[in-house]
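Peer 1: Okay, sequence plus prediction incoming.
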Amino acid sequence: MAATDIYLTQSNDVAARTIGDDTLIMSTLDSTIFMLNSVGSAIWNSADGSTPLSRIVHEHLCEEFEVGEEEAFADAKEFVDQLATHGILLVSETPAAPKEIQ
């Protein structure tokens, strides 16, 4: 889908709670609070560091919310950029290394 895809990882510097289909997230770095609707929650819940944004858009947003891929990707990228600005999502051009099993 995207010429340069990105990978998303949830920051460790947040507190998050699911309330119905929505997600409440607070950054412990700057105390900003975000209330994510069901679309934002789908992106947040898929941010595992190894799934590219294009796949999240295709498998979760387009299918679940009946929206076109180009529009969904553009909107998702803008949303991700906003959360990344506050350190809530970490964005990389490469997948995150698997966490070590302890």
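Peer 2: Now that the structure is in, tell me what you want to look at. Residues are numbered from 1 along each chain as shown.

Peer 1: pLDDT below threshold where in this structure?
Peer 2: Counting by pLDDT under 70, the chain contains low-confidence ranges at 1-3, 99-102.

Peer 1: can you map out the helices along it?
Peer 2: 38-46, 53-56, 63-65, 69-85 (DSSP state H).

Peer 1: May I see the ones you listed organised as CSV, with mean neighbour count and distance to Asp13 added?
Peer 2: Bear in mind the C-beta positions are built from the backbone N, C-alpha and C, glycine included. Output for the helices of the chain, formatted as CSV (neighbours: other C-beta atoms under 10 Å; distance: least, C-beta to C-beta, whole Å):
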stretch, mean neighbour count, distance to Asp13
helix 38-46, 19, 14
helix 53-56, 20, 21
helix 63-65, 11, 28
helix 69-85, 16, 12
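
Peer 1: do you know which of those helices lies nearest Tyr7?
Peer 2: Taking C-beta to C-beta, helix 53-56 is the member of those nearest to Tyr7, at 7.3 Å.

Peer 1: Show me what that closest one packs onto, helices and strands only.
Peer 2: Taking 3 or more C-beta pairs under 8 Å, 6 or more residues apart in numbering; DSSP states H and E as contact, the helices and strands that helix 53-56 lies on are strand 7-10, helix 38-46, helix 69-85.

Peer 1: let's see it at 7 Å
Peer 2: Under the contact definition 3 or more C-beta pairs under 7 Å, 6 or more residues apart in numbering; DSSP states H and E, helix 53-56 sits against helix 69-85.

Peer 1: and the gap between the nearest residue to Thr32 once chain neighbours are set aside and Glu93?
Peer 2: Ranked by C-beta to C-beta, 6 or more residues apart in numbering and with sequence neighbours excluded, the top spatial neighbour of Thr32 is His86, at 5.0 Å. According to C-beta to C-beta, to the nearest Å, His86 stands 20 Å off from Glu93.

Peer 1: Lys77 now?
Peer 2: Counting by C-beta to C-beta - Lys77 and Glu93 are separated by 13 Å.
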